[in-house]
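Asker: predicted model follows, preceded by the sequence.
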Amino acid sequence: MNHQETVSHANRLIRDKLGDIQAGTLGLVLGSGLSAVAGAMTGTVDIPYTEIPGLPQSSVPGHGGYLRAGKLSGRPALALCGRVHLYEGFSAAETCLPVRLLGSLGVNMIVLTNAAGALNPLFEAGSLMLITDHINMTGQNPLTGPNIESFGPRFPDMGRAWCPELVALARREAARLGLLVERGVYVQVPGPSLETPAETRAYRQMGADAIGMSTVMEAIAARHMGLRLLGISCLTNKNSPDCMQEISHEAVLDMAAQSSDQMTRLLCALAARPELDSAPGRA
Ligand code: HPA
């Protein structure tokens with residue numbers, strides 16, 4: 001099966017199980033240690049990725065691996081619990097198949113979450129960061145190869161990849177809840193090795209505030225399909241060139257788990273907002 005066939009086959013399978021997807025359904029991608037957000041959903045039905053032919057299976061602890069359908073604060077939601085990464089050996093396009101599936105099901109807004117290192121020295125571990133823009137340092141692009149016209153245009157614009165209105169709405173909701181949220185630029189690197197001090201300094205000088213090994217590929221695929229995007233990074237560690245601290249995957253998962261309560265509160269508050277209903281598909 002090519003990617004278009006995989007997505008349309010998976011689309012039929014999901015609609016056979018769940019029925020048609022309602023207008024206003026929120027898409028979520030829950031990254032490392034953040035699957036707890038899915039615990040706030042009600043009336044849930046889980047479909048393991050193993051039951052969806054062609055979807056890549058994660059090999060990384062902390063990445064779950066199922067699609068959860070249900071409601072978040074009364075809003076229909078489809079959450080991808082667990083994702084796959086370039087460093088596992090998947091192609092850029094393969095890492096985006098689950099997001100493309102959500103787009104094909106009619107989701108028109110998606111929240112991408114991740115665990116990330118804070119490059120901005122003013123940002124603290126344990127805070128959340130709303131993604132305002134991104135830098136792709138993977139050397140790869142999920143749209144490489146023949147364009148799939150039914151997904152989107154050959155040269156999708158990325159000038160407003162991350163919806164500023166959604167960032168503003170998320171800031172307002174965070175303030176109302178008393179949550180500290182930063183705003184900044186996220187850079188995706190291929191991983192799996194972490195950064196040297198020289199790399200950390202270079203990415204900071206480039207203008208990145210947070211760094212991680214996911215999300216940008218999905219953002220490109222989502223914008224290709226015209227989805228509105230919001231990104232929330234959970235800053236799990238400070239990544240500072242002048243006092244490098246050893247970063248373990250376990251510590252990243254631990255910190256993400258500690259912050260998942262804040263992430264859940266923010267996502268529940270956002271899902272309840274009527275403004276999400278007015279989100280046009282191709283913003
Ligand atoms: N660097 C890269 N990826 C990460 C980091 C980091 O410091 N923290 C969590 N994911």
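Answerer: Received, thanks.
Asker: what residues does the stretch 151-283 of the chain put near the ligand?
Answerer: Counting by CB under 6 Å from any ligand atom, the residues of the stretch 151-283 of the chain close to the ligand are Leu194, Glu195, Ile211, Gly212, Met213, Thr236, Asn237, Asn239, Ile247, Val252. Glycine gets a C-beta too; all of them are placed from N, C-alpha and C.
Asker: mind listing what the fourth one touches?
Answerer: With contacts defined as CB atoms under 8 Å, 6 or more residues apart in numbering, Gly212 is in contact with Asn114, Ala115, Ala116, Gly117, Tyr186, Val187, Gln188, Val189, Ser233.
Asker: what's across from it in the sheet?
Answerer: Listed by DSSP bridges, the beta-bridge partners for Gly212 are Gln188.
Asker: restrict whatever helix or strand Thr6 lives in to CA atoms and write it as PDB.
Answerer: Here Thr6 sits within helix 3-18, counting by DSSP states H and E. Extracted in PDB, the C-alpha atoms of helix 3-18 (Å, rounded to 0.1, in the frame of the first residue of the first chain):
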ATOM      1  CA  HIS A   3       0.600   6.200   1.800                       C
ATOM      2  CA  GLN A   4      -2.600   7.500   0.200                       C
ATOM      3  CA  GLU A   5      -4.000   4.000   0.200                       C
ATOM      4  CA  THR A   6      -2.900   3.400   3.800                       C
ATOM      5  CA  VAL A   7      -4.700   6.500   4.900                       C
ATOM      6  CA  SER A   8      -7.900   5.800   3.000                       C
ATOM      7  CA  HIS A   9      -7.900   2.200   4.200                       C
ATOM      8  CA  ALA A  10      -7.400   3.300   7.800                       C
ATOM      9  CA  ASN A  11     -10.000   6.000   7.400                       C
ATOM     10  CA  ARG A  12     -12.700   3.400   6.400                       C
ATOM     11  CA  LEU A  13     -11.700   1.100   9.200                       C
ATOM     12  CA  ILE A  14     -12.000   3.900  11.800                       C
ATOM     13  CA  ARG A  15     -15.400   5.100  10.400                       C
ATOM     14  CA  ASP A  16     -16.600   1.500  10.400                       C
ATOM     15  CA  LYS A  17     -15.700   1.300  14.200                       C
ATOM     16  CA  LEU A  18     -16.700   4.800  15.200                       C
END
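Asker: so which of the contacts of Gly212 comes closest to the ligand?
Answerer: Relative to the ligand, the closest of the contacts of Gly212 is Gly117; by CB to the nearest ligand atom it sits at 2.1 Å.
Asker: so what's the closest one closest to, chain neighbours aside?
Answerer: Leaving aside its sequence neighbours, Gly117 sits nearest to Asn239 (CB to CB, 6 or more residues apart in numbering; 3.4 Å).
Asker: pull out the buried positions in stretch 23-32.
Answerer: Gly24, Thr25, Leu26, Gly27, Leu28, Val29, Leu30, Gly31, Ser32 (16 or more other CB atoms under 10 Å).
Asker: next, count neighbours for the closest residue to the third one other than its chain neighbours.
Answerer: Computed as CB to CB, 6+ apart, the closest residue to Leu26 that is not its neighbour in sequence is Ala77, at 4.5 Å. Neighbouring residues of Ala77 were enumerated by other CB atoms under 10 Å; the total is 26.
Asker: again, but for Met225
Answerer: Neighbour count of Met225, defined by other CB under 10 Å: 22.
Asker: ok, back up a step: what is the nearest of the buried residues of stretch 23-32 to the ligand?
Answerer: Distances from the ligand to the buried residues of stretch 23-32, taken as CB to the nearest ligand atom, are shortest for Ser32 (7.2 Å).
Asker: can you list the buried residues in the helix ranked longest in the chain?
Answerer: Secondary structure of the chain per DSSP state H: the longest helix is helix 249-271. If you call a residue buried by 16+ other CB under 10 Å, then helix 249-271 has these buried ones: 249, 252-253, 255-257, 259-260, 262-271.
Asker: just stretch 166-179 next, same as before
Answerer: In stretch 166-179, counting by 16+ other CB under 10 Å, buried: Leu166, Val167, Leu169, Ala170, Glu173, Ala174, Leu179.
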